[in-house]
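> Have a look; sequence and predicted model below, questions after that.
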Amino acid sequence: MAQATRVFCRNFSSSSSRFGNIKHVTVIGAGLMGAGIAQVAASTGHQVVIVDQTDDILSKSKATIEKSLQRVAGETFIAEVMGRLTIKTDAAAAVKNTDLVIEAIVENLEVKKKLFSSLDKAAPKHTIFTSNTSSIPIKDIAVATQRQDRFGGLHFFNPVPIMKLLEVIRIPATSDETFDKLLGFGKAMDKSTVNCKDTPGFIVNRLLVPYMMEAIRMVERGEASPQDVDTAMKLGAGYPMGPFELTDYVGLDTCKFIIDGWHKKYPDNPLFMPSPLLDKLVSEGKLGNKTGEGFYKQKK
Ligand SMILES: CCCCCCCC(=O)CC(=O)SCCNC(=O)CCNC(=O)[C@H](O)C(C)(C)COP(=O)(O)OP(=O)(O)OC[C@H]1O[C@@H](n2cnc3c(N)ncnc32)[C@H](O)[C@@H]1OP(=O)(O)O
Ligand SMILES: NC(=O)C1=CN([C@@H]2O[C@H](COP(=O)(O)OP(=O)(O)OC[C@H]3O[C@@H](n4cnc5c(N)ncnc54)[C@H](O)[C@@H]3O)[C@@H](O)[C@H]2O)C=CC1
């Protein structure tokens, strides 16, 4: 069993002191990232509530988590983890007793602000708010609340159960106490943390997004096929996935949200130019693995 998986299966009791003050976590958004974050939080002993818009989405998300756990864990551990997970459609009710909110909903500033503004009224004073945004400045989201000192970014990587990194982001208003608690939470989740400022894309995406967009532009210019670019980057640069496999894995809609947002904010930066090919695929509903087709057709 791989090292990452071994760590992931370790048994944690919720009474352990490893948590600091964060015992109860609310994950908002039960999609690709929310499901992974909830899985790891519950696997490391936290009580977790997952929130999404419908019961149907939430049931599918719980099934995804169970299936993911079955790849690496036995029945007893899975039962314990699933026992620590509850689902709710009412976000305001979910945060009433929570220590930490991790938001992983659609990559849209206005939608995120609306959510946090309503949560701010419902959550206890001590509750820390965080966003898992890939590209939106944390401070632009935090202004929707009256608790900017208890606001930060927790940027996880996909697939969350396997990727070891957690970027912990502070805005100027984030208090030292909040930042320390977020770093402690990252350790409790068995992630390796890096400290990030609230700059576009933090560390990883500031480098990854221009690379992936340039790969798409190479194909647009007719210089290489997606298959050859992927083969080249895997065998020539040692990447586990090529940029087109990774775009399908991340979701083409999420990639488009990111690049459109940055282009709007920094229209003169050539690295952040939108791509007609990406736009076309998204308009056709080809969003990658989540819809069965993106740059590639996924095997059924
Ligand atoms: C244009 C704009 C773009 C912007 C993008 C922005 C997005 C963001 O904001 C930030 C991001 O997340 S970027 C994405 C970062 N992720 C990557 O780069 C993933 C790259 N791929 C990989 O590492 C491997 O292919 C991967 C790990 C995925 C799979 O590896 P393998 O092919 O070796 O897979 P397996 O052999 O199936 O699995 C290896 C071991 O891991 C276990 N496992 C896999 N999935 C699991 C899961 N979901 N839950 C639990 N365990 C899991 C699997 O069982 C296996 O374990 P062992 O058999 O014990 O080794
Ligand atoms: N896809 C990726 O590889 C990564 C994505 N992210 C970020 O994580 C966030 C989520 O991305 P994904 O999980 O990929 O998206 P997704 O599309 O898989 O899931 C988003 C979920 O949020 C739900 N949702 C939307 N509005 C909501 C609301 N107001 N209240 C409750 N639920 C709501 C949707 O129903 C959906 O289930 C985005 O901000 C994205 O930029 C961060 C790291 C990696």
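On my side now, so go ahead. Numbering: from 1, shown residues only. Ligands and ions are numbered 1, 2, ... in the order given.
> Run through the stretch 151-300 of the chain and note the low-pLDDT ranges.
300 (pLDDT under 70).
> And the helices in it?
For the stretch 151-300 of the chain, helices defined by DSSP state H, counting those that start in this stretch occupy the ranges 176-188, 204-220, 226-237, 243-250, 252-265, 276-283.
> same for the fourth one, what does it pack against?
I take that to be helix 243-250. Helix 243-250 sits against helix 204-220, helix 226-237, with contacts defined as 3 or more CB pairs under 8 Å, 6 or more residues apart in numbering; DSSP states H and E. Every residue, glycine included, has its C-beta placed from N, CA and C.
> I would like the residues contacting the first one, please.
Right, helix 204-220. Residues from elsewhere that reach helix 204-220 (CB atoms under 8 Å, 6 or more residues apart in numbering): 134-135, 155, 157, 165, 167, 199-201, 224-226, 229, 233, 242-244, 246-247, 255, 258-259, 262, 271-273, 275-278.
> go with 6 Å
The contact list for helix 204-220, computed with CB atoms under 6 Å, 6 or more residues apart in numbering, reads 134, 201, 224, 226, 229, 243, 247, 258, 271, 275, 277, 278.
> The residues you listed: which two are farthest apart?
Using CB to CB, these reach their maximum pairwise distance at 134 and 224, which is 25.8 Å.
> what about burial for the contacts of helix 204-220, which qualify?
134, 201, 226, 229, 243, 247, 258, 275, 278 (16 or more other CB atoms under 10 Å).
> filter these down to the ones near ligand 2?
residue 134 (CB under 6 Å from any ligand atom).
> Among the buried ones among the contacts of helix 204-220, which one sits closest to residue 54?
Using CB to CB, the buried ones among the contacts of helix 204-220 come closest to residue 54 at residue 134, 23.6 Å.
> Am I right that that closest one is in contact with residue 258?
Yes - if you go by CB atoms under 6 Å, residue 134 and residue 258 touch, sitting 5.5 Å apart.
> before we move on, the earlier item: now, which of the contacts of helix 204-220 sits nearest residue 289?
The closest of these to residue 289 turns out to be residue 247 (CB to CB; 10.0 Å).
> what's the most buried one of the helices and strands packed on helix 243-250?
Of all the helices and strands packed on helix 243-250, helix 204-220 carries the top mean neighbour count, a mean of 18, counting by mean count of other CB atoms under 10 Å.
> what about it, near ligand 2?
No - judged by CB under 6 Å from any ligand atom, helix 204-220 stays clear of ligand 2, getting no closer than 8.1 Å.
> Can you show me the CA trace of that helix as CSV?
Extracted in CSV, the C-alpha atoms of helix 204-220 (Å, rounded to 0.1, in the frame of the first residue of the first chain):
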residue,chain,number,x,y,z
VAL,A,204,0.5,26.0,-7.2
ASN,A,205,-2.2,27.5,-9.5
ARG,A,206,-0.1,30.6,-10.3
LEU,A,207,2.3,28.2,-12.0
LEU,A,208,-0.1,25.4,-13.0
VAL,A,209,-2.9,27.4,-14.7
PRO,A,210,-0.5,29.2,-17.3
TYR,A,211,1.1,25.8,-18.0
MET,A,212,-2.3,24.1,-18.7
MET,A,213,-3.6,27.1,-20.8
GLU,A,214,-0.4,27.1,-22.9
ALA,A,215,-0.9,23.3,-23.5
ILE,A,216,-4.4,24.1,-24.8
ARG,A,217,-3.0,27.0,-27.0
MET,A,218,-0.4,24.6,-28.5
VAL,A,219,-3.3,22.4,-29.7
GLU,A,220,-5.2,25.4,-30.9
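> Cool, thanks, talk later.
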